[in-house]
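A.B. asks: Structure here, sequence nowhere to be found:
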Ligand code: TLP
């Protein structure tokens, strides 16, 4: 069966240029800091996001967790939207490794308003945990890939700074946000102290994330990466694909966004509750009345793979391995399933 895989943008296969770069990558032992390709990737992402230094990690989860460990001490409080990846999808890692306390906040489409943070803050007092960090996520996965505008990020950043709180941005799909908003990616990164960028989501590389921030912070995060078991050796093989992804894929994201919009509007015409956020990117959420798991099993029989992300909600994600034809096949399958 020729699958149309809309479960996630993590499912892409490396492009021919990535495979070639991987085969030819110059490598060394990265734990000794001697892999030239990893060093190039770390420097390149730091440059693109306009931060001092970068650190290559095997996953977005490890990148977020190394950041949390480097920003906090045991018991410290982290403010985070209740639908954020670092809370919802990281296996309780912040409690497991950093011993952090999550303070869950609400906000439209995953965006925390400064007012919401103000109301959640407690005065310094030995009864309270020490408030240290705010985690934001752009684009916001569980809000259907919502892109948060620079001014929204700026307002929270300014208020957090005033309160002595640091901001970590889970920018797994920050390129999608920048493309959808039509702004330079560095402008979005500027409203965070540290940023995690995934190479293996919309950018289409097989493996890896890069954490960027101040040089001394990255040195601390490097130590935690080792402690978490993320010190890789000839990782230049992977970094090489990441470097290609950084050049090759951002100009293609606009097509992923256009295809997601096409999916959403066609499904709505068919009578589905297919929604996209105010600033949409590469995701569509579909509300279904029967259990979402049953819907996804039914679609699978027609070659369409979709994720059940809530009891009555499917998520469809476009990416570089989904073309116009695949989108039309998915629409036809929904039409057949609706009957
Ligand atoms: N998200 C995955 C699943 O874990 C849900 C997906 O298919 O969307 N931050 C954000 C915002 C993410 O969406 C993800 C992956 C991560 C971090 C974690 O990245 P990995 O999977 O590399 O650990």
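C.D. replies: Looks like it came in fine. Just so you know, these numbers come straight off a predicted model, no measurement behind them.

A.B. asks: need the helices for the stretch 151-300 of the chain, in chain order.
C.D. replies: Taking DSSP state H, counting those that start in this stretch as the criterion, the stretch 151-300 of the chain contains helices spanning 174-181, 185-189, 215-227, 236-248, 253-269, 292-300.

A.B. asks: now those in JSON lines, with mean pLDDT?
C.D. replies: As requested, the helices of the stretch 151-300 of the chain are exported to JSON lines (pLDDT from 0 to 100):
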{"stretch": "helix 174-181", "mean pLDDT": "98"}
{"stretch": "helix 185-189", "mean pLDDT": "98"}
{"stretch": "helix 215-227", "mean pLDDT": "98"}
{"stretch": "helix 236-248", "mean pLDDT": "98"}
{"stretch": "helix 253-269", "mean pLDDT": "98"}
{"stretch": "helix 292-300", "mean pLDDT": "96"}
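
A.B. asks: and those as a markdown table, adding mean neighbour count?
C.D. replies: Any C-beta I mention is one placed from the backbone N, CA and C, and that applies to glycine too. Putting the helices of the stretch 151-300 of the chain into a markdown table (neighbours: other CB atoms under 10 Å) gives the following:
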| stretch | mean neighbour count |
| --- | --- |
| helix 174-181 | 25 |
| helix 185-189 | 20 |
| helix 215-227 | 17 |
| helix 236-248 | 24 |
| helix 253-269 | 19 |
| helix 292-300 | 16 |
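
A.B. asks: Those helices: which one's closest to the ligand?
C.D. replies: Taking CB to the nearest ligand atom, helix 174-181 is the member of those nearest to the ligand, at 9.5 Å.

A.B. asks: Packing partners of that closest one?
C.D. replies: Counting by 3 or more CB pairs under 8 Å, 6 or more residues apart in numbering; DSSP states H and E, the packing neighbours recorded for helix 174-181 are helix 185-189, strand 194-198, helix 253-269.

A.B. asks: now with 6 Å?
C.D. replies: helix 185-189, helix 253-269 (3 or more CB pairs under 6 Å, 6 or more residues apart in numbering; DSSP states H and E).

A.B. asks: Identify the residues contacting the closest residue to the ligand within the stretch 201-339 of the chain.
C.D. replies: For the stretch 201-339 of the chain, the residue closest to the ligand is residue 209, as judged by CB to the nearest ligand atom, at 5.9 Å. Shown in contact with residue 209 (CB atoms under 6 Å, 6 or more residues apart in numbering): 57, 60, 63, 196, 198.

A.B. asks: give me the residue from the protein nearest the ligand.
C.D. replies: Proximity of the chain to the ligand (CB to the nearest ligand atom) peaks at residue 60, 2.5 Å away.

A.B. asks: Would you mind naming what in the chain lies close to the ligand?
C.D. replies: Within the chain, the positions adjacent to the ligand are 8, 10, 59-61, 85, 89, 137, 141, 170, 172, 198, 200, 209 by CB under 6 Å from any ligand atom.

A.B. asks: Need the buried ones from those residues selected in ChimeraX.
C.D. replies: To isolate the buried ones among those in ChimeraX, judged by 16 or more other CB atoms under 10 Å, type:
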select :8,10,59,60,61,85,137,141,170,172,198,200,209
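
A.B. asks: I'd assumed residue 172 was in contact with the residue of the chain closest to the ligand.
C.D. replies: Yes - the pair residue 60 / residue 172 is scored as a contact, 4.9 Å apart, by CB atoms under 6 Å.
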